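Colleague: Provide a 3D model corresponding to the input given below.
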Amino acid sequence: MNKRVIILLFVLGGMVTSNAQVEFNHIESAEDMEQVWADASARNMPVFVDIYATWCGPCKWMDANVFATEAAGKYMNEAFINVKMDGESQFGRVFAMKSGLSAYPSFFLFNSSQDLMNTVVGAKPWEELQVEMAKTLEYYPVLEVLQSKFESGLLNREEYPRFTNALREMGKDEYGKAVGSSYVEKFDVGDDWSEEDIRVLAFYIDQRDDDWERLVADIPELQQALGDDLERFIDHVVTGSIEIAVENRDLTPIKELGSILPELTAGTQMDPVEIRSRMHVYFYHYTEQFDRLSEYIETTYMEKHEGDHKWLFNVASDALFLDPRNEVIAKNGLDWFQTCIDQKETHEYYYHLALCQYLTGDPTQAVETLNISLEFTNDPESTQTTKSIIKQITAEAGL
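Modeller: Sure thing, here's the model as predicted:
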């Protein structure tokens, strides 16, 4: 399900259910968990632990919209022994503390030897959660072997690219930076970087580093070295640029990166115009300049993109996704999404207009707009989701 489309489900706490589901072991005691560990060891299977709270809305959303689906049930029941645990029960509190619980819901992936392989925090659509689980099963064994060699000083130069790639996949960026620094010192990397050097170092350099200019000095060389990882690298530097800009409340890093994006994204499916626009939207959002954010969207649309409903929808939906309950954005969204609809009628455009109508206090109009949106989709999932939301708004508002 499109991440933007699930916004209204989170806002409403909406639920879309199916008959298939993940088979969970509901754990209430240490003895229950010991039986799970024994089963995992005997079957040599990893363990997925969902730690929830009874009051947690996103936890309930995961139960109804992810763990109740056929896709999740089929994958997780075959790949894991699945555990569900109340993080505020007597045993749950102890287990959660040992595992490093930071928020609800949190999902902990252990191997059959009870080693914590990965942690996923927060509600996720099935497509995102499944990717995290698959990456963990693929890369944790690699990471375990190569990290042991690295810490023993036995990792050779040719193994570093594979090691740093596994670290990236597992989200261990801080550790990866230390590995990159070790690589530079151990192998005396100078100004003449090889493709191997670029693969190791690229993801641990940002616009604040002295080596940034060296990294982007020859973009064709950079593209060739990164190969299939190029788009991941672009996502990485875009995120880093936004963070630097927000930290300093200065758009300069975003503008500087934007100037090389056309060449950097050449040959990929990525749109440099869309990326530049998204970077501005995120900057204004995270610096809490919501009026400036609205001004940016409206001015840029009028001056550079008038008539381009796709551009307007992308930036407007990004702004709405970042904070669905922001009154400034929701109110302006009424005009933005109506402008898109005036140019082309689509399910997504009507759907987002309905979200803004609901958020600005007009559930009756939101239901009417959602009903219209159904005329523009043949997708069973979108239809089911939309009908579920219509039903919930109708009941909530007493329509």
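Colleague: What residues sit buried inside stretch 391-399?
Modeller: 392, 393 (16 or more other CB atoms under 10 Å). No exception for glycine: its C-beta is placed from N, CA and C like everyone else's.
Colleague: Over to stretch 127-141?
Modeller: Buried residues in stretch 127-141 (16+ other CB under 10 Å): 129, 130, 132, 133, 135, 136, 137, 139, 140.
Colleague: List just the nearest of those residues to residue 118.
Modeller: residue 136 (4.2 Å; CB to CB).
Colleague: quick one: the closest one from residue 108, how far?
Modeller: 10 Å (CB to CB, to the nearest Å).
Colleague: list residues touching both of those two?
Modeller: residue 118 (CB atoms under 8 Å, 6 or more residues apart in numbering).
Colleague: Residue 110: how many residues sit nearby?
Modeller: Neighbour count of residue 110, defined by other CB atoms under 10 Å: 22.
Colleague: is it true that it touches residue 116?
Modeller: Yes: with contact defined as CB atoms under 8 Å, residue 110 reaches residue 116; the gap is 5.7 Å.
Colleague: What does residue 46 show for phi and psi?
Modeller: Note on residue 46: backbone dihedrals following degrees, to the nearest 10 are phi -70, psi 160.
Colleague: I'd guessed it sits against residue 113; true?
Modeller: No: using CB under 8 Å, residue 46 is not in contact with residue 113; the gap is 9.8 Å.
Colleague: So which residues of the stretch 251-399 of the chain form helices?
Modeller: 252-264, 272-286, 290-304, 309-322, 327-343, 347-359, 363-373, 380-397 (DSSP state H, counting those that start in this stretch).
Colleague: Tell me which of these lies nearest to residue 66.
Modeller: helix 380-397 (13.0 Å).
Colleague: tell me the phi and psi of residue 180?
Modeller: The phi/psi pair for residue 180 (degrees, to the nearest 10) is phi -60, psi -40.
Colleague: who are the neighbours in contact with it?
Modeller: Going by CB under 8 Å, 6+ apart, the list of residues near residue 180 reads 164, 200, 201, 203, 204.
Colleague: Next one: it, what pLDDT does it get?
Modeller: Residue 180 carries a pLDDT value of 88.
Colleague: Relative to residue 333, how far out is it?
Modeller: 42 Å.
Colleague: How about residue 49?
Modeller: Taking CB to CB, one finds residue 49 at 38 Å from residue 333.
Colleague: And for residue 251?
Modeller: 23 Å.
Colleague: and the two? which has more neighbours close in?
Modeller: residue 333 (25 against 17).
Colleague: contacting residues for the residue lying closest to residue 66 once chain neighbours are set aside?
Modeller: Leaving out its chain neighbours, the residue that sits closest to residue 66 by CB to CB, 6 or more residues apart in numbering is residue 126, at 4.9 Å. Each residue near residue 126 by CB under 8 Å, 6+ apart is listed here: 1, 65, 66, 69, 71, 72.
Colleague: Kindly report the same for residue 118.
Modeller: 108, 109, 132, 135, 136, 140, 170, 171.
Colleague: quick one: which of those residues sit in helices?
Modeller: 132, 135, 136, 140 (DSSP state H).
Colleague: Nearest to residue 385 among those?
Modeller: Checking the ones in helices among the contacts of residue 118 one by one against residue 385 (CB to CB), the nearest turns out to be residue 132, at 22.4 Å.
Colleague: shouldn't the closest one be in contact with residue 121?
Modeller: No: between residue 132 and residue 121 there is no contact under CB under 8 Å: 10.3 Å.
Colleague: any low-confidence regions in this protein?
Modeller: 1-20 (pLDDT under 70).
Colleague: Skip the chain neighbours and tell me the closest residue to residue 356.
Modeller: According to CB to CB, 6+ apart, the nearest residue to residue 356 is residue 333 (3.8 Å).
Colleague: so who does the one you found touch?
Modeller: 316, 319, 320, 352, 353, 355, 356.
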